[in-house]
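Engineer: Below are the sequence and a predicted model; questions follow.
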Amino acid sequence: MPYDETSWSYPEAEGLYDPTMERDACGVGFIVHIDGKTTHQVLLDAQELSRRMTHRGACSADNDTGDGAGALIGVPHKFYKEKVKEESGVDLPELGQYGTGIIFMDKETTTQSREQFSSLAQTVGLSVLLWREVGSNNSCLGSMARQTEPVMAQVFVVPSEQGLAEEEVAKRMFML
């Protein structure tokens, strides 16, 4: 059900609650499918939630550089499987047999960062399957943020040994 900002108001004063004592503060929003279903709509709803929390974007001196926001989403396996095959010719393993994430790296040390990440993955029995360049649109960034904009890359990590149970793979991903 979409949120309608015009339909909301503070509740009436009752017991210890007094709406005149409400104050703005940073917040956290949660958008979920209670059944764990992975859909694109969750991401769209989270984007809208973030947009409506304008107070959340603690602004810098340029009044245009916020402190950022993020979303933790389920792995869109079918999408990734098709995209990775199309872009790099690599077949992803089945869902639960790989992990993926977006890594933010300094422009000057991207190569070293990738090497260090790969080494760290090896210490927990994982290996990097591939790095994927992530498209971005920085037109919304403030001037201060643009000066330090990181390089973003998506990494896909798989177990170094075959035949591990999904629970063991998840444990290693967590350690990484």
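Structural biologist: Received it, and whenever you're ready, just let me know what you need. Residues are numbered from 1 along each chain as shown.

Engineer: pLDDT below threshold where in the protein?
Structural biologist: Within the chain, the stretches falling below the threshold (pLDDT under 70) are 1-7, 23-27, 53-68.

Engineer: in it, which spans are strands?
Structural biologist: For the chain, strands defined by DSSP state E occupy the ranges 99-105, 126-133, 151-159.

Engineer: With distance to Tyr17 and mean neighbour count added, can I get the ones you listed in TSV?
Structural biologist: Glycine gets a C-beta too; all of them are placed from N, C-alpha and C. Formatted as TSV, those follow (distance: least, CB to CB, whole Å; neighbours: other CB atoms under 10 Å):
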stretch	distance to Tyr17	mean neighbour count
strand 99-105	41	15
strand 126-133	49	16
strand 151-159	43	18
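
Engineer: Make JSON lines out of these and add distance to Asp35.
Structural biologist: Compiled in JSON lines, those are given as follows (distance: least, CB to CB, whole Å):
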{"stretch": "strand 99-105", "distance to Asp35": "23"}
{"stretch": "strand 126-133", "distance to Asp35": "29"}
{"stretch": "strand 151-159", "distance to Asp35": "27"}
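
Engineer: Ala46 is nearest to which of those strands?
Structural biologist: Ala46 lies closest, by CB to CB, to one member of those: strand 99-105, at 15.1 Å.
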